[in-house]
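Peer 1: any chance you could fold what I've pasted below:
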Amino acid sequence: MATLLAACGQAPSAPAAALRQCAPLNGAAQVAIAGGRLDRGPNRFEPEEQAGGAGDVASFSIDSHEVTNAQYAAFVDATRYVTVAERPGPDGAPMGAAVFDRAQARWRIDPTANWRHPDGATSNIEGRGAYPVVAVAYEDATAYASWAGRRLPTENEWEYAARGGAPAPADRRAEAFDAHGAARANTWQGVFPFQDAGEDGFIGLAPVGCFPPNANGLYDMTGNVWEWTSDRFLGADGVDTARAPDAPSRVIKGGSQLCAPNFCARYRSGSRQPGDEGLGMSHIGFRTVASAP
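Peer 2: Down below sits the predicted model:
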């Protein structure tokens with residue numbers, strides 16, 4: 001796939017935001033991760049973090065960045081795949097996706113929202129090929145991965161790629177900000193949901209690769225968009241507490257551009273949340289993996 005060169009500028013309503021030059025990324029680039037032992041350790045800040053985050057991980061490869069709009073478009077062009085959001089619901093209207101409405105400071109289910117129109121009918125992805133694809137349900141992500149000859153990561157694979165065998169940091173901010181407070185990730189600066197100062201350079205999504213990679217050379221493992229994994233979401237008691245058994249949820253990892261210190265604060269490799277597998281959302285994307293030969 002052609003190289004993606006994303007030029008990232010200032011957030012339009014944040015004149016103090018730093019100008020960022022995003023990395024030139026090969027859309028098919030993958031990074032080999034040698035197997036090892038994952039142990040989240042004692043720094044488990046939220047109740048749901050008592051589950052997962054420990055065990056042996058076999059060697060695998062992982063995409064260096066989140067799957068982009070350009071990559072997903074190539075898949076749709078090749079297969080004519082129709083995403084869950086674009087399919088008709090019981091009333092005949094498209095099922096749509098969940099959109100965070102910044103103007104109204106709330107979520108809405110928008111029947112006109114899908115991966116091509118991530119914020120609804122008035123939005124589009126023209127000129128946004130290097131942005132992560134969003135508004136894709138779990139089924140949509142697995143369909144892409146299968147087409148690419150890959151799969152979605154397990155929770156432990158994802159977390160091991162993000163942090164290696166070290167325990168989760170005791171400082172909640174350590175993976176999203178450096179020791180001087182400079183942003184390592186696209187998150188929300190200000191009081192959520194009313195004011196995002198955009199001090200990291202962005203209000204809303206950022207193109208992939210606009211922040212420094214982690215030690216494994218992977219971009220945006222923290223912030224920007226939550227990412228689907230293949231694991232069912234289970235609480236510390238082994239029960240899917242988020243959804244009924246006939247409507248399961250999946251673990252999503254990494255936090256998103258909506259995570260703020262006063263709300264969520266899950267811009268950490270050890271954080272985990274349930275994602276309704278039948279619903280695309282404007283802050284959930286994915287990347288793929290493959291087991292080592």
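Peer 1: the strands in the stretch 51-200 of the chain, which residues?
Peer 2: 54-57, 60-63, 97-101, 106-110 (DSSP state E, counting those that start in this stretch).
Peer 1: what does stretch 149-165 rub up against?
Peer 2: 31, 33, 36-40, 52-55, 57, 60, 62, 141-142, 145, 175, 214-216, 218, 221-222, 227-231, 251, 253-254, 269-270, 272, 286-290 (C-beta atoms under 8 Å, 6 or more residues apart in numbering). Where you see a C-beta, it was placed from the backbone N, CA and C, and this is true even at glycine.
Peer 1: if you set the cut-off to 6 Å instead, what comes out?
Peer 2: 33, 36-38, 52-53, 55, 57, 60, 62, 142, 145, 216, 221, 228-231, 251, 253, 269, 288-290 (C-beta atoms under 6 Å, 6 or more residues apart in numbering).
Peer 1: do the same with stretch 226-239
Peer 2: By C-beta under 6 Å, 6+ apart, the list of residues contacting stretch 226-239 reads 48, 50-51, 138, 141, 152-155, 158, 240-242, 248-254, 256, 274, 283-286.
Peer 1: ok so, going back, quick one: the strands of the stretch 51-200 of the chain as TSV, columns for distance to Leu205 and mean neighbour count too.
Peer 2: Listed next are those as TSV, based on distance: least, C-beta to C-beta, whole Å; neighbours: other C-beta atoms under 10 Å:
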stretch	distance to Leu205	mean neighbour count
strand 54-57	29	14
strand 60-63	17	23
strand 97-101	11	21
strand 106-110	16	15
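Peer 1: which one of those lies nearest to Pro118?
Peer 2: The closest of the strands of the stretch 51-200 of the chain to Pro118 is strand 97-101. By C-beta to C-beta, the value is 7.4 Å.
Peer 1: helices and strands around the closest one, which ones?
Peer 2: Packing contacts for strand 97-101, counted by 3 or more C-beta pairs under 6 Å, 6 or more residues apart in numbering; DSSP states H and E, involve strand 106-110.
Peer 1: could I have the strand it packs on exported to CSV, CA atoms only?
Peer 2: In CSV, the C-alpha atoms belonging to strand 106-110 read as follows (Å, rounded to 0.1, in the frame of the first residue of the first chain):
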residue,chain,number,x,y,z
ARG,A,106,-23.1,14.1,24.8
TRP,A,107,-23.4,10.8,22.8
ARG,A,108,-26.0,10.1,20.2
ILE,A,109,-26.9,7.1,18.0
ASP,A,110,-26.9,8.6,14.5
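Peer 1: give the closest residue to Asp56 in space, chain neighbours not counted.
Peer 2: Nearest residue to Asp56, sequence neighbours excluded (C-beta to C-beta, 6 or more residues apart in numbering): Arg37, at 5.7 Å.
Peer 1: tell me which helix or strand the one you found sits in.
Peer 2: strand 36-39 (DSSP states H and E).
Peer 1: hmm, who's touching that strand?
Peer 2: 54-57, 156, 160, 165.
Peer 1: what's the mean pLDDT across it?
Peer 2: Averaged over strand 36-39, pLDDT sits at 98.
Peer 1: burial check on Thr122, number of neighbours?
Peer 2: Residues contacting Thr122 under the criterion other C-beta atoms under 10 Å number 7.
Peer 1: could you do Thr229 as well?
Peer 2: 28.
Peer 1: tell me which residues in the helix or strand where it lies are buried?
Peer 2: Here Thr229 sits within strand 226-232, counting by DSSP H and E. Using 16 or more other C-beta atoms under 10 Å as the test for burial, strand 226-232 gives 226-231.
Peer 1: from the chain's centroid, how far away is that strand?
Peer 2: Remark: strand 226-232 is offset 9 Å from the chain centroid, using C-alpha atoms, centre = their mean, to the nearest Å.
Peer 1: parallel or antiparallel, list what pairs with it.
Peer 2: Strand pairing for strand 226-232, using DSSP bridges, gives strand 249-253 (antiparallel), strand 284-285 (parallel).
Peer 1: no further questions, thank you.
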